[in-house]
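Colleague: with the sequence up front, the predicted model follows.
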Amino acid sequence: MSLKYSSTTADYLIWSDAMNLIRKLSRDGNYKMSLLMAMGCFTGLRISDILALRWRQILNKDEFCITEIKTGKQRTIRLNPQLQQHIRDCYEHISPIGINAPILISQKGTAFTIQRINIILKEIREKYRLKIKNFSCHSLRKTFGRQVYNMNSDNAELALIKLMELFNHSSVSITKRYLGLRQEEILQTYDCLSF
């Protein structure tokens, strides 16, 4: 947990590493964390919104609508067929008490806290030897953003505008800073100098 008024940093996972982690967690029987990773990486939702999801919202659905907790804004999320199948697989293995149950419940039967999820993610980083320095709940949202940007690099400005809208940022410059692109652009300035 971070101290009040302190700044924290979350890094993104390389997409292939994130997908491998989702598969490994599932293979190892950790379906809850596999589902958390998948929902974060494929939807870009904040952790507070993921923890508020109920099975009825996502199971056997092509898309779902939520009101974001932080912004109060409506958002429609589309679930691709691969994610839908992963959700079904996790549902079968997790065997929740019912369709109205939250998708992520601890072994004690209570809702996970964000702090607990962050502790679990740090344990996962160690166990699976992930190449990420600052791994937290927010890393999943950043992984989503980076992948959307990378997949649309031929039209980077359009990708940034889409992400700005999805993330509800007030400007493209905030989105660039959020994704770490601003710092990369600045550091590339040094690379173009030569003897």
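Modeller: Arrived safely, thanks for sending.

Colleague: for the closest residue to S26 other than its chain neighbours, give me its contacts.
Modeller: Once flanking residues are discounted, S26 sits nearest to S34: 4.2 Å by CB to CB, 6 or more residues apart in numbering. Glycine gets a C-beta too; all of them are placed from N, C-alpha and C. Counting by CB atoms under 8 Å, 6 or more residues apart in numbering, S34 touches I22, R23, L25, S26, H86, C90.

Colleague: host element of the last one?
Modeller: It stands for C90. Element membership for C90 (DSSP states H and E) is helix 81-94.

Colleague: again with the fourth one
Modeller: Per DSSP H and E, S26 falls inside helix 15-27.

Colleague: buried set for that helix?
Modeller: Neighbour counts over helix 15-27 (16 or more other CB atoms under 10 Å) mark W15, A18, M19, L21, I22, L25, S26 as buried.

Colleague: how far off helix 81-94 does that helix point, in degrees?
Modeller: 30 degrees (axes from the mean of the first three to the mean of the last three CA atoms, to 10 degrees).

Colleague: which other helices and strands does helix 15-27 contact?
Modeller: helix 31-43, helix 81-94, helix 137-151 (3 or more CB pairs under 8 Å, 6 or more residues apart in numbering; DSSP states H and E).

Colleague: residues touching it, excluding its own?
Modeller: With CB under 8 Å, 6+ apart as the criterion, helix 15-27 contacts 13, 31, 33-34, 37-38, 41, 86, 89-90, 124, 128, 130-132, 140, 143, 146-147, 150.

Colleague: switch the cut-off to 10 Å
Modeller: 12-14, 30-42, 82-83, 86, 89-90, 93, 124-125, 127-128, 130-132, 139-140, 143-144, 146-148, 150-151 (CB atoms under 10 Å, 6 or more residues apart in numbering).

Colleague: narrow those to those that are buried.
Modeller: By 16+ other CB under 10 Å, the contacts of helix 15-27 give 12-13, 30-42, 83, 86, 90, 124-125, 130, 132, 139-140, 143-144, 146-148 as buried.

Colleague: how far does the helix holding C90 sit from the chain's center?
Modeller: Averaging C-alpha positions (CA atoms, centre = their mean, to the nearest Å) puts helix 81-94 17 Å from its chain's average.

Colleague: who are the packing partners of that helix?
Modeller: Other helices and strands packing on helix 81-94, by 3 or more CB pairs under 10 Å, 6 or more residues apart in numbering; DSSP states H and E, are helix 15-27, helix 31-43, helix 55-58.

Colleague: domain-wise, how is the chain divided?
Modeller: 15-140, 152-191 (automatic domain parsing).

Colleague: any buried residues in the shortest one, and which?
Modeller: If I follow you right, that is domain 152-191. Residues of domain 152-191 classed as buried by neighbour count (16+ other CB under 10 Å): 159-160, 162-164, 166-167, 169, 175-176, 178-181.

Colleague: let's have the residues you listed in TSV, adding pLDDT.
Modeller: Below are these laid out as TSV (pLDDT from 0 to 100):
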residue	pLDDT
A159	86
L160	88
K162	87
L163	88
M164	87
L166	85
F167	85
H169	84
T175	86
K176	85
Y178	83
L179	84
G180	80
L181	79
